[in-house]
Each structure stands twice: as structure tokens, then as C-alpha cells.
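Visitor: Just need the structure, nothing else, for what follows:
(chains A and B, ligands or ions: 1)
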Amino acid sequence: MAVLNEEQEMLRDMAREWATNESPVTEFRKVRASGEPEAFDRAAYATMAEMGWAGIIIPEEHGGSDFGFLSAGLVVEELGKTLTASPLIATTLAASAIMLGGSEEQKSKWLPKLASGEAIATLAIDEGPHHDPDTLEASVSGSKLTGTKAFVAEAHGADLFVVAAKDGLYLVEKGDGVTLTTRRLTDQRSHADIAFDGAAADKLANGGDDLLDKVLDRARVLTAAEMLGMAQIVFDTTLAYLKQRVQFNQVLSSFQALQHRMADLFADLAQMRSAVEAGLQAIDSGAGVSRAAIVAKAEANRVMHTMSNEGIQLHGGIGMTDEYDIGFYLKRARVLEAAWGTRSFLKNRFATLGGY
Amino acid sequence: MATQLEPEARDSVDVFREEVRQFIADNFPEELKGKGLSMAGAEGGAKETPAQQAWREAMGQRGWGTPTWPKEYGGGGLNRKQAAILNEELARAGAYNPIGGMGVMMFGPTLLEYGSEAQKQEHIPPICRGEIRWCQGYSEPNAGSDLANLQTMAEDKGDHYLVNGQKTWTSGGQWADKCFAIVRTDRSDKHKGISFLLIDMDSPGVEVRPITMISGTSPFCETFFTDVKVPKENLVGEEGQGWTIGKRLLQHERTNLSGAAPGGRSGASLADIAKKYGRVNKDGTLADPVLRDRIADFEIRWTSFLHTARRAVEESKAAGGVSEISSALKKLGTKMGQERAELTIKIMGLQGLGWEGDNFSPIELQGVRAWLYGKATTIYGGSTEIQNNVIAKRVLGMLDHQ
Ligand SMILES: Cc1cc2nc3c(=O)[nH]c(=O)nc-3n(C[C@H](O)[C@H](O)[C@H](O)COP(=O)(O)OP(=O)(O)OC[C@H]3O[C@@H](n4cnc5c(N)ncnc54)[C@H](O)[C@@H]3O)c2cc1C
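Guide: Reported below is the predicted structural model:
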């Protein structure tokens, strides 16, 4: 894994400890059982914000710690490991949009609130079940936004939406002209379709023509970081299971057929990790971001897909039960695979960027 | 292949076809047209509608739900040619065979081979009429792939066995009337200490606890046996012959399961689904070239799988035994079924990942559950890994590395 500085190591250890002790998968089960469309624990999010995680990428002058994306990725990875349900990624991405494209006024109005956890925000980009930022219909006239957005993650708890319209990104607050329809997906997290009907919209005017692309790059990488944590846990859990499960009077891990598959998964996971970390570092350095983001998400999609399937398979019958956690990773994996571009979408974009 | 039939034989074929058509016209309820037998018993908690019941009874009385089984036990007594005609005519009329489940798929054929006359008289007719549900008591917490490690004990008490132990992953256990189980009658020999026993699920001491699966349904159970009395006449074959009989049953299971992953065989083509959910160019081709590539790739391999399945059937018919490639079939078919289900939800995007709610169509919601349920197909009935071992050792003659 990437070489971390002392600050980053501390941050990672703190996140790991908190996730393991305070936010194990049983906490996600509680969220699921509650059936609330918001699908996260407000108290837990308040704690995360207190620990500074909501402001990791936000500049100090706006209440953040300015640690950058690699640091944000470390935290997100740890939270992915325990399937912690929170709007942390969504809020971080919205904050990055404001940082990239907002006026001073917009920044000082929103960033401190996002950093402190007082406000929650999310991106509302796609208008259908497939990620497709090239064919957006939502439009703004006279500072009023009209259009629909589909499958917006963490929409229920959001106070602020960063909405992609035909001519750029806009900030829209929850309230008049904003109607949510819950979409329950297999991962049982917060997703909603949103109808904007003349909602007051405030343009992020400073980010240039490719502001949406820049925001999407960040969304891809941070989502990939969550998947990395998930993949790591599925791998670790499966390996541990094979080391203790006895069949034919020996532990399963002594079977060559299984050893070879675990070796394949190990190599895949190593590749996924380097791709994700490279994506995070590219954002921090500002060089080659788009391509690095595509590689990160495409590799995350590929490896997590295999890992989530193999995780179930290698557990045998127990992996099929709702009581055992591994199925949650499979269900979350597919939702994240679809978010911000499937592997096909990303391959196509990679080729286009590469000029072929 | 052109089969030359004698004029007389051709007449009898036509007569039989006419008989089948008439039967379907008289008995198949119009409202069931185009519907299928959903998930053959495993998910069978739902109540039968009057039309479904009528159709099941009609087919059952005729013995045509189990067309090639002997007439004396309630089967159809048809030869292969006639059974094929029956299938053709059912399909032509949009009808289906309403009689299925584990009794038909695996237990019946095994009992016909190994059961006593009295056992066949008692158990086969209700299976042919679709009246009795059977479940499979094989797996235990510590006997999954290593099935012979089973510990459920049947103690000889003179006129009956006293059964104690636990089975798990018992599909349909909560709805089953009876269970065909393999149990231990002797602790001194791993394989020869196993016997094949039929247990009434409503016997005192049988307890069933459903387990929820990742697909949200509870089609399988933990089954506990505490001092369950089972009459001696419920032993199939000899005491200690259970492993041989049990393995034969598994062969029937595997043949039935190849390509059985939900969504693997039927439904709209992937290309049609893709056209419905994605963008299409003016000339009707898919706008997403990568998806188009993947669908074509899948369809080519799926076609060759179907060729392989047909070859396996033809080879085993010709050889009067199991084809060399039959072990590979379950592995290939279940894998491709899963791949198809994955591709289907991918084509639909997030619209194909719905868990519940009016804003998803029934097909979309079923697709998600079927995708998740389908993960089991490469685990049960001898997992893919076990199939690999079978191929390596029995087919390729490779050394046992364990
Ligand atoms: C939906 C469902 C329905 C079922 N219905 C029934 C039923 O009705 N009745 C019944 O009796 N059972 C049923 N089963 C049980 C099924 O047959 C077992 O799950 C299966 O035999 C695997 O056993 P296990 O779950 O203990 O996994 P394990 O045997 O623990 O296997 C775990 C993993 O290790 C692999 N593995 C094990 N041994 C080896 C080896 N030697 N070499 C390489 N890999 C190996 C397996 O392939 C698997 O991937 C059902 C299972 C499912 C999932």
C-alpha cells in the first residue's frame, strides 16, 4: 500500500479502530432493520464529523483539515470494510464540487457546515439507471431548476444537492420544488429519484467547462476506495474461513484447487489497491486525474465483482444466509459498480481519452 | 438425422399426437397459458389456484407428469418418442408439466431402482399425482461437500429406528411431507455405515427452522431430529447400502441441475433486454459497442453449451451409461446461468437492482431475487469445486492430491 506519513497513519488507525469497535456490520443491520429511507445513523455521522472526517478535503480556512484525497480514501476504505452507512462520501464529493467551482460566498456559506457535519450534501447527476453524463436534460432558467435525477445516493438526509444541469452544476437546497421518491435497492441504503420543479438554483460558475468531469473523477475514485475496503474484507473473511473450515478431515485451505483461487484473488486485490491509491494520489497532485480515475474505478469494478462472487462461493451454504455478512458485500458491490460508470462505460471513456 | 418410420408406426405416432392434443384441449385451463412451474418445488410456499390444481390432477391421473415411469405405479408408461411428442404438444399449447419437485427429479427414479415392491406401491403413485412433497435430508453442518462425514444416527430398536441428529440446508423442508435421508447406522465405517431412510416430516421429534437467504426468501431449513421413531419398513435397500443409493440419487440431481440457474434458459434475449433498457442506434444496433460485444460473446458460448448438453445426452444414451462430459455440464451450465443473470441486471442498470416497491416491474424484482438465488446453483448439488475434483480424478485419472 501507499507510503503514508505519520498523520495519515494516525488517521487510518483511528478510522480502523472506530469502524471495528463502534461501527461493525451489526450497526448496518440496525440501520437496515429500521427501514428508514434515510438509511444511516445520525449519531454515528455526528461522531465522524467530530473526528474531522467530513472536513478531510476541505481547506482549513473553511473549517476542514485539508488532508487531501489520499487521506479521505483511507477513512472511506475503513468504513467500507464494515459497510458503515453514512453520507460521508456524498458530502465529501459535494464539498469538492463547491471547492472546485464555487464562489467565495458559496464556499463560506457551505463548506464550514459540511465540515462540521451540520449539513449533509450529495451529488445529483444521472437521470436514468445508467451513468450517462453526456445526455442530461435538467435545465435552469431564471435561477429555477427543472428536471429529474435518478437513484441519487444519500438523498434522504441531504440538505443540499449539487445538481448537474445542461449548462453546468448548481447548488439546490432541500425545500420548495424538490420532491423525493424513494428507490430501495438491493444494498438497502438511501437512494431516491428527485423531481426538481422550478427549484431555486445557485450556479457553481467558477469551475470551467469540465467541472462536471472533474467532480465525476473524484466520485469514481472515492467510490473505488469504498469498494477496496469491501474487497479486502471479503478476501480476509474468506481466507480465514477456509483456514478453519474442516471437510474430508482437513481444513479447506489445504486443497490446491482453493489455494489457486485465493492466489488469483490476492493478485487481483493487489492490483485493485494500487489502482485506487494511484487515483487518490493523482487527485492530490492534480496530474493525469481523469485517466487515473478511470483505471481506479474500472479495476475496482472488475475485482470487486469477482471477489464478491467468490466470497459467497467459497463459503458454501453459509455464504447464502442473510445471517452471515458476506451477502451484504455482494449487494453493495453491484450498486457501487453501477455508480459513476460500469467497466464498459469506463473502457469506452478510456479509449476516447486515449484517442482511439 | 432423419428417422425412417414404418407406415404403421407413423400412424401410431399421429394417433398419439392427436390423443395428446385432445387431452390438452379438454384439460388445460386457458388462464394458465404461458405460465410455468415456478422454481420446481423449492420455493413452493404458495397456494395452488383452483386452475393449477385441476391441471395438476388431470396430468397426474393420466401419469403424464412422469411420462416414462411405469404405468403400474402411476406413471405414464410412455416410450421416449411418445414423451418427446408430449413435450412438444405441451409447449405448442403454451402449457407446462405441473408435476415436479424432488420426488420427480431425484427420489422417484432412485426408489424405482432400489426400493422394495411395497415401497414403490406406497410412494411412487403420490409422486406421480403431485400430492406428496419430498425433501432431501443429506447435508449436515459438518457434512457438506464431505457428505459421507454425516453424523445423524439411526439406532436399531427392533421394529423401528430411533433417529437423532441434525440436517441443514434442507430445501423446502418447511413444506415437505416426507424426507429421504441418509443416516448413520454404524459408526465403525465411514461409507458402509450409511443407510437410506424415509422419514415422515410430521413424526414427533422432527423440528424444522427456516433460514433466510440473501435473496430474501426462506426456501431452505435446518432440520432437527430428536428421538424420532422411523418404522423399519422405511429403510430403502439394505442397511449399509445408503452411500451407494445416495450417490445414485445425486447423479439424477446433477443431470437435472445443469443449466438450472434461474434466468439461464428462458425469458427475453439479452439483446432485446438491452434494447429496452439502453440506447439504440438508428439502424437498430446497440449504441453501446462494448455491451454488444459482451452479449455476442455470451450468446456464442451459450449456444455451444447447449450443443454440449445435447451431446452428453446422446452419448449417455448410446453408451447406456454416464457420458464423460456429463460431469462438466453442471459446472458449465450453472456458471453460464449466473453469468446471464449478472449480465441481465447489468443491462438494466440500477433499474435492475430493485429490492421492492411499485417503481420496479415484477420482472425487474424477480430478476434481482433470481440473480441472488442463482448463486446457490454452483454450491448445491455438488459444488463446482467438487465437479472439478470429479473431472480431475474420475475423468482425467489424475492423482488425488489430498
Ligand atoms: C440453496 C441451497 C439449497 C440446498 N438444498 C439442499 C437440500 O435440499 N438438501 C441437502 O441435503 N442439502 C442441500 N443443500 C446443501 C448443499 O448440497 C451444500 O451446501 C453443498 O454440498 C456444499 O456444502 P457446504 O455448504 O457445507 O460447503 P462446504 O463443503 O463447506 O464447501 C465450502 C466451499 O469449499 C469448497 N470445497 C469443499 N471441499 C472441497 C474439495 N475437496 N476441493 C475443493 N473445494 C472444496 C466448496 O466447493 C465450497 O466452495 C443446499 C444448499 C443450498 C445453497
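
Visitor: Report the helix or strand with the lowest average pLDDT across chain B.
Guide: helix B:289-319 (a mean of 81; mean pLDDT, DSSP states H and E).

Visitor: List the buried residues for it?
Guide: Of the residues in helix B:289-319, those buried under the neighbour-count criterion (16 or more other C-beta atoms under 10 Å in any protein chain shown) are B:290-292, B:294-295, B:298, B:302, B:305, B:308-309, B:312, B:316. To be clear about C-beta, it is placed using only N, CA and C from the backbone, and glycine gets the same treatment.

Visitor: quick check, distance from it to the centre of its chain.
Guide: Relative to its chain's centre, helix B:289-319 lies at 20 Å (C-alpha atoms, centre = their mean, to the nearest Å).

Visitor: Stretch B:218-234 now?
Guide: The chain centre lies 21 Å from the centre of stretch B:218-234; the measure is C-alpha atoms, centre = their mean.

Visitor: Could you see whether the ligand lies near it?
Guide: Yes - applying C-beta under 6 Å from any ligand atom, one finds stretch B:218-234 in contact with the ligand at residue B:220.

Visitor: swap in stretch A:240-253?
Guide: Yes - with C-beta under 6 Å from any ligand atom as the measure, stretch A:240-253 is seen reaching the ligand through A:245, A:247-248, A:252.

Visitor: just to revisit the earlier point, ok, of the buried residues of helix B:289-319, which one's closest to the ligand?
Guide: residue B:305 (20.7 Å; C-beta to the nearest ligand atom).

Visitor: correct me, but the closest one touches residue B:333?
Guide: Yes - the pair formed by residue B:305 and residue B:333 meets the contact definition of C-beta atoms under 8 Å, at 6.3 Å.

Visitor: Now do the strands in chain A.
Guide: Applying DSSP state E to chain A gives strands spanning A:121-124, A:139-141, A:144-153, A:160-165, A:168-173, A:178-182, A:191-203, A:246-247, A:250-251.

Visitor: how about stretch B:121-133: buried residues?
Guide: Buried, per 16+ other C-beta under 10 Å, within stretch B:121-133: B:122-130, B:132-133.

Visitor: between the residues you listed, which is closest to residue A:325?
Guide: residue B:133 (32.2 Å; C-beta to C-beta).

Visitor: which of the residues of stretch A:240-253 next to the ligand tops the neighbour count?
Guide: residue A:252 (22 neighbours; other C-beta atoms under 10 Å in any protein chain shown).

Visitor: could you list every residue that touches that one?
Guide: A:241-243, A:245-246, A:258, A:314 (C-beta atoms under 8 Å, 6 or more residues apart in numbering or on different chains).

Visitor: so who does the nearest residue to residue A:135 once chain neighbours are set aside touch?
Guide: Nearest residue to residue A:135, sequence neighbours excluded (C-beta to C-beta, 6 or more residues apart in numbering or on different chains): residue A:127, at 7.7 Å. Going by C-beta under 8 Å, 6+ apart, residue A:127 touches A:135-138, A:147-150.

Visitor: Next, work out how far apart residue A:127 and chain B are.
Guide: Separation of residue A:127 from chain B (C-beta to the nearest C-beta, to the nearest Å): 12 Å.

Visitor: How much space separates that residue from residue B:197?
Guide: For residue A:127, the distance to residue B:197 (C-beta to C-beta, to the nearest Å) stands at 60 Å.

Visitor: what do you get for residue A:306?
Guide: 41 Å.

Visitor: what's the answer for residue A:352, then?
Guide: Distance from residue A:352 to residue B:197, by C-beta to C-beta: 65 Å.

Visitor: still on that earlier bit, hey, which of the strands of chain A is tucked in deepest?
Guide: A comparison of the strands of chain A by mean neighbour count, using mean count of other C-beta atoms under 10 Å in any protein chain shown, puts strand A:121-124 on top with a mean of 29.

Visitor: what packs against that one?
Guide: helix A:88-101, strand A:144-153, strand A:160-165 (3 or more C-beta pairs under 8 Å, 6 or more residues apart in numbering or on different chains; DSSP states H and E).

Visitor: contact partners of the shortest one?
Guide: The set of residues that contact strand A:160-165 without belonging to it, under C-beta under 8 Å, 6+ apart, is A:93-94, A:97-98, A:110, A:114, A:119-125, A:133, A:136, A:138-140, A:145, A:147, A:149, A:152, A:155, A:169-174, A:178, A:194, A:196, A:201, A:204, A:212, A:215.

Visitor: got the contact list for the closest residue to the ligand within the stretch 101-250 of chain B?
Guide: Nearest to the ligand, among the residues of the stretch 101-250 of chain B, is residue B:144, at 1.7 Å (C-beta to the nearest ligand atom). Residue B:144 sits next to A:247, A:316-317, B:169 when contact means C-beta under 8 Å, 6+ apart.

Visitor: and the residues you listed as JSON lines, adding pLDDT?
Guide: Listed next are the contacts of residue B:144 as JSON lines, based on pLDDT from 0 to 100:
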{"residue": "A:247", "pLDDT": "95"}
{"residue": "A:316", "pLDDT": "96"}
{"residue": "A:317", "pLDDT": "96"}
{"residue": "B:169", "pLDDT": "95"}
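
Visitor: so which of those residues comes closest to residue A:70?
Guide: Nearest member of these to residue A:70, counting by C-beta to C-beta, is residue A:316, at 37.7 Å.

Visitor: How many neighbouring residues does the closest one have?
Guide: Neighbours of residue A:316 under the rule other C-beta under 10 Å: 21.

Visitor: mind listing what's buried in stretch B:203-217?
Guide: Using 16+ other C-beta under 10 Å as the test for burial, stretch B:203-217 gives B:203, B:206, B:208, B:210-211, B:213-215, B:217.

Visitor: What residues does residue 353 make contact with?
Guide: The chain I'm using is chain A. A:290-291, A:294.

Visitor: think we crossed wires, I meant chain B
Guide: Counting by C-beta under 8 Å, 6+ apart, residue B:353 makes contact with A:185-186, A:334-335, A:338, B:345, B:368.
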